[in-house]
Every structure is written in structure tokens, then in C-alpha cells.
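*Asks:* with the sequence up front, the predicted model follows.
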Amino acid sequence: MIPDVLFSSKLEPLARISPSKFTSLQTCPLREIWAANNKPKLLPVSPAAYLGTVIHKLLELGSQWRIKNEEEMLVCWEIIVKDTEKEMQNDALEKYFIPLSLHANNYEVKKSMAFNIVRKFFGSTLPPENIGKVKKMESEVWIETKDGKIGGKIDSVVHTGKGVEIFDYKTGAIVNPLDDEDGIKPEYEQQLKIYAGLY
């Protein structure tokens, strides 16, 4: 490697920090600053991360009640996967992970779990388990501090008679395997608390 390649151009400071990047910023600030400056990736993105993006987009469509049945869900999945793999094809580091179905761990399991969530939205303007208690539901809600230095999108905000529920969809394991009580990973707890505080 040629010395000083990574620092051959000026890096601008972060203009905004998202709740989802807060923990990773604490772990490796340089990586997040590098990414925010749109510098070339030094390592390929994990196939699991791309699968997570696919699932997140499908869940977003489902939570907006834009998918009405099994056929539409399958079509949406195929389109999102195809578009994602097309994006990967343009990257020399990541085109080797195509197709995702062969390279992303637990592809079929995660796909099935995502489908089960989306099915809850079929045929109703509200998720079945929430009918009667939900007053309002919002998707992709942008929130930020007054100075704009911290901000991000909440996947779903549900207003009920008891208050507000904030949802953040995750495609990976949310439970800490080292926790005897199977508690949620600290970084996810922290992220939800930041979202709640901002909201």
C-alpha cells in the first residue's frame, strides 16, 4: 500500500450524526467520517448488510400498506433484490457477492421472517393486532435537533391511547448472546433512546 493514500485529500467534519451511527461513531470515528465524505470504500460491504437493506425497503412498503397480498409481496421482493444486485454489480469489491441468495447468511430465513411481518398489514389500513388501539400511524418519520446536528428517520411511529410507540426494524440479531437474560443489544437500546429523545 502506498503511504498516505488514505489521507491524500481533506476530510470534512461531520455535519450531522444519526442515531443509528452513534454507536459505530464511538467505536471508530475515522470510518464514519471517511464514509460521510463519500470516500471510496476500503473493504466490501457485507452481503448481510445488503440483504438488510432489501428487507428494510420491503418492510417500509408493508408498513405504508402499499403491499396488499402475497403476489405483490413476492414481486416487490424480486424487484428490490434485482435493483440491489444491480447496484452491487457496479462495485468491483461487491459484485462477487451476487446473487445475494447464495452469499447472504440465512437468506431464506430472513426473507421468510420479513414476509411474516408484511403479512400483518394485508387487507387492513392498520395492523390487525393494533386495530382499536391505534389512533395514528406514521412511516419514515424524519426527526432532528434544532441545530440539525443529530437527526434521522424513525421507521414507524404509532400513536395509541397509552402514548407513542417507536419502531426501528432490524434484520440482524437484536439480542445480546452474552446476556444471561437475553437483553437487547446495548447499541440498539441506545439508538431507540436517542430516537425517543429526539421525538
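*Replies:* Good, I have the coordinates. Numbers count the residues shown, from 1 in each chain.
*Asks:* now the strands for this protein?
*Replies:* Using DSSP state E, the strands of the chain run over 134-144, 151-160, 163-167.
*Asks:* closest one to Asp91 among the ones you listed?
*Replies:* strand 151-160 (24.3 Å; Cβ to Cβ). Backbone N, C-alpha and C define where each C-beta goes, glycine included.
*Asks:* now that closest one: buried residues?
*Replies:* Gly151, Gly152, Lys153, Ile154, Asp155, Ser156, Val157, Val158 (16 or more other Cβ atoms under 10 Å).
*Asks:* stretch 192-199 now?
*Replies:* Buried residues in stretch 192-199, defined by neighbour count with 16+ other Cβ under 10 Å: Leu192, Ile194, Tyr195, Leu198.
*Asks:* nearest to Gln26, of the residues you listed?
*Replies:* Of all the buried residues of stretch 192-199, Ile194 has the smallest distance to Gln26: 12.2 Å, by Cβ to Cβ.
*Asks:* chain neighbours aside, what residue packs nearest to the residue nearest to the spatial centre of the chain?
*Replies:* Centroid-nearest residue in the chain, with Cα atoms, centre = their mean: His56, separated by 5.4 Å. Using Cβ to Cβ, 6 or more residues apart in numbering and skipping residues adjacent in sequence, the residue nearest His56 is Tyr169, 6.0 Å away.
*Asks:* so the one you found makes contact with Leu61?
*Replies:* No. Assessed by Cβ atoms under 8 Å, Tyr169 is found out of contact with Leu61, at 11.9 Å.
*Asks:* Lys185 against Leu192, yeah?
*Replies:* No. Taking contacts as Cβ under 8 Å, Lys185 lies outside contact range of Leu192: 10.8 Å.
*Asks:* show me where this protein dips below the pLDDT cut-off.
*Replies:* Low-confidence segments of the chain (pLDDT under 70): 1-9, 39-42, 123-135, 171-173, 176-182.
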